[in-house]
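Engineer: Give me the fold of what follows.
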Amino acid sequence: MTIGNFVKTIQNIMRGDSGINGDAQRIEQMTWILFLKVYDAKEEDWEFHDDNYESIIPEELRWRNWAVDNKDGEALTGQGLLDFVNIRLFPALKELKITEKTPMKKSIVKAVFEDSNQYMKDGVLLRKVINVIDGIEFDEYNERHAFGDIYETILKSLQSAGNAGEFYTPRAVTDFMVSMIDPKLGEHVADFACGTGGFLTSTLKLLEPQIKTIEDRELYNNSIYGIEKKPLPYLLSITNMLLHDIDSPRIYHGNSLERNVREYSESDKFDMVLMNPPYGGTESEGVKINFPADLRSSETADLFMSVIMYRLKERGRAAVIIPDGFLFGTDNAKSAIKKKLLEEFNLHTIVRMPSSVFSPYTSITTNILFFDRSQKTKEVWFYRVDMPDGYKHFSKTKPMKVEHFDGCAAWWHDRKEIKDTETDTFKAKAYSVQEIVNRAYDMDLCGYPTAEEEVFSPEETIRLFHEKRYSLNAKIDKRLAQIEELLGIIK
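Structural biologist: Purely as a prediction, here's the structure:
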């Protein structure tokens, strides 16, 4: 069964259940069942390698002892199945006894069920869903991103998915970014808003071939770290890591912005950070106070940029997806963040991506910032990834592919200025820090020629209007301050 058909089959079964209202609940229902199926498979592996292994899940509640249908007429179904799940399974998993000595691979069971819900009211339909999920063998798929594909398939059906900036990052983009960062075994990579774990799995894909010894395997198991605020993506990320043989995933449920950035010690820092921070959202004043006054912003992505800078090790490197608003924005917070980035880090490359990379979620143009903590910035190279021949825009049927970055990857190691003679614009060019400062930290350089007016959704139009208005107001305030200073006007 293909991933698409697998998802559709489960969705169609659930549509007949009166307890589930909409795709969001269908995703959540599907996910906790998937987790238990995957966890049971991992426990079989742990039991094989450790004769003394004991499951944290009570024996009668383990997947193999209640979910598997042996076609002997004994499998739980109907009201009996509903009573078992609602009265015994969920309360027991939510109340598992956890101590400081409990291994991560056991404590995650309670962590993922603390915010999970059982919505179905038809025990016969629930049995059908369980049977479909029990029948899938993830190790049959050559591409272990299959689990991420399940989430992506459902997410694309959610009409409001883009409203909170929750976008599935295309695998082509995560693979390209990881390839340019070039992780090595022994290094630690973090994503402070990891979603379903796309960046982390792309990293593991490059690290796995480097495993040669038992010690290497241990380094591999400890190489990734993630935090995810929303319960559902958190659960999916944990499951995704288990599928990639990370037995004790260091994935935590929480908000990375809720800790004071001044409190981070060396042990809280990482060799690499790979992220697509949520953007378009806003944070409360209680969150903003965790940042120095000049870095406090109303834009979530800005705050994450500050977190990344505070949590990057000396000589560490980062690749971060940022919307256009960050580049052209010159309000006080954005200017302060970019000033810090240029003065304390080496912002060596900005890759500008076409507007429809995140279609169908949003048409807002995004960029990849590559920087490290090796020295202060001397110059910033900009490279524009143009739409491939034969494409007017990316879509569900014509998504961005990793080969669309081939030109950028080749240029990366042999940097030269590239001018587009047809449009008289630069496709690739280096700008000095002073040139950027003279532009009031407006980094909207090597952009796309305006061939036709882009049409945005009402929500995106309003957000872009606010960003540009804040930017223009900041420029006006700055000029007024300069004039007042020349005239000797004291406020």
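Engineer: Poorly predicted segments of the stretch 151-300 of the chain, please.
Structural biologist: Scanning the stretch 151-300 of the chain for pLDDT under 70 picks out 151-167.
Engineer: 90 instead, please
Structural biologist: Along the stretch 151-300 of the chain, the model assigns pLDDT under 90 to residues 151-171, 195-198, 230-248, 278-286, 298-299.
Engineer: For it, just list every one of the helices.
Structural biologist: For the stretch 151-300 of the chain, helices defined by DSSP state H, counting those that start in this stretch occupy the ranges 171-181, 198-207, 214-221, 231-243, 285-288, 300-310.
Engineer: now the ones you listed as CSV including distance to Leu93 and mean neighbour count?
Structural biologist: Just so you know, the C-beta spots here come from the backbone N, C-alpha and C atoms, and that holds for glycine as well. Below are these laid out as CSV (distance: least, C-beta to C-beta, whole Å; neighbours: other C-beta atoms under 10 Å):
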stretch, distance to Leu93, mean neighbour count
helix 171-181, 31, 22
helix 198-207, 25, 24
helix 214-221, 24, 14
helix 231-243, 12, 25
helix 285-288, 31, 12
helix 300-310, 32, 23
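Engineer: Among these, which comes closest to Asp372?
Structural biologist: Relative to Asp372, the nearest member of the helices of the stretch 151-300 of the chain by C-beta to C-beta is helix 171-181, separated by 9.4 Å.
Engineer: Tell me which of the helices of the stretch 151-300 of the chain approaches Gly254 most closely.
Structural biologist: Comparing the helices of the stretch 151-300 of the chain by C-beta to C-beta, helix 231-243 comes nearest, at 8.9 Å.
Engineer: From the chain's centre, how far out is the closest one? Work that out for me.
Structural biologist: Put simply, helix 231-243 sits 12 Å off its chain's centre (C-alpha atoms, centre = their mean, to the nearest Å).
Engineer: Please name the residues that touch the residue lying closest to Glu343 once chain neighbours are set aside.
Structural biologist: Spatial nearest neighbour of Glu343, excluding adjacent residues (C-beta to C-beta, 6 or more residues apart in numbering): Lys376 at 5.6 Å. Contacts for Lys376 (C-beta atoms under 8 Å, 6 or more residues apart in numbering) come out as Leu342, Glu343, Glu344, Phe345, Asn346.
Engineer: Mind telling me what element Lys376 is part of?
Structural biologist: Using DSSP states H and E, Lys376 is not contained in any helix or strand.
Engineer: With the one 5 residues further on instead?
Structural biologist: Assigned by DSSP H and E, Trp381 falls within strand 379-384.
Engineer: so how far is the helix or strand just after that strand from its chain's centroid?
Structural biologist: Counting by DSSP H and E, the next helix or strand C-terminal to strand 379-384 is helix 406-412. Its chain's average C-alpha position is 24 Å from that of helix 406-412, according to C-alpha atoms, centre = their mean.
Engineer: Helix 406-412: which residues count as buried?
Structural biologist: Of the residues in helix 406-412, Gly407, Cys408, Trp411, Trp412 count as buried by neighbour count, 16 or more other C-beta atoms under 10 Å.
Engineer: my guess is the first one meets Pro388, correct?
Structural biologist: Yep, that's Gly407 we're talking about. No: counting by C-beta atoms under 8 Å, Gly407 does not reach Pro388; the two are 9.6 Å apart.
Engineer: hmm, who's touching the lengthiest strand in the chain?
Structural biologist: Ranked by residue count and defined by DSSP state E, the top strand of the chain is strand 312-323. Residues from elsewhere that reach strand 312-323 (C-beta under 8 Å, 6+ apart): 169, 173, 177-178, 180-181, 266, 269-277, 279-280, 301, 304-305, 308, 345, 364-374.
Engineer: buried sites along it?
Structural biologist: Across strand 312-323, burial judged by 16+ other C-beta under 10 Å covers Leu312, Lys313, Gly316, Arg317, Ala318, Ala319, Val320, Ile321, Ile322, Pro323.
Engineer: Stretch 110-127 now?
Structural biologist: Lys110, Ala111, Val112, Phe113, Ser116, Gln118, Met120, Asp122, Gly123, Leu125, Leu126, Arg127.
Engineer: which one of the residues you listed sits closest to Met400?
Structural biologist: Lowest distance from Met400 to these (C-beta to C-beta) belongs to Val112, with 31.0 Å.
Engineer: And for that closest one, nearest residue in space, chain neighbours not counted?
Structural biologist: Leu235 (4.7 Å).
Engineer: ok, that neighbour - contacts?
Structural biologist: Applying C-beta under 8 Å, 6+ apart to Leu235 gives the contacts Thr31, Trp32, Phe35, Val112, Asp115, Ser116.
Engineer: Out of those residues, list just those in helices.
Structural biologist: Applying DSSP state H to those, the entries found in helices are Thr31, Trp32, Phe35, Val112.
Engineer: residue ranges with poor pLDDT in the stretch 301-450 of the chain?
Structural biologist: 324-325, 328-332, 354-365, 387-400, 420-425, 447-450.
Engineer: start to end distance for stretch 247-264?
Structural biologist: Using C-alpha to C-alpha, to the nearest Å, the end-to-end distance of stretch 247-264 comes to 27 Å.
Engineer: what about that stretch, distance to the chain center?
Structural biologist: 14 Å.
Engineer: Quick check: buried residues in that stretch?
Structural biologist: Those would be Pro249, Arg250, Ile251, Tyr252, His253, Ser256, Leu257, Arg259, Val261, for stretch 247-264 by 16+ other C-beta under 10 Å.
Engineer: Which strand residues bridge the fifth one?
Structural biologist: According to DSSP bridges, the partner residues bridging His253 are Glu228.
Engineer: from the contacts of Lys376, which would you call buried?
Structural biologist: Buried members of those, scored by 16+ other C-beta under 10 Å, are Leu342, Phe345, Asn346.
Engineer: from these, which single one is nearest Ala440?
Structural biologist: Taking the buried ones among the contacts of Lys376 together and measuring to Ala440 by C-beta to C-beta, the closest member is Leu342, at 12.8 Å.
Engineer: The helix or strand hosting that closest one - contacts with which helices or strands?
Structural biologist: Leu342 belongs to helix 332-344 when assigned by DSSP H and E. Counting contacts by 3 or more C-beta pairs under 8 Å, 6 or more residues apart in numbering; DSSP states H and E, helix 332-344 packs against helix 300-310, helix 433-438, helix 458-487.
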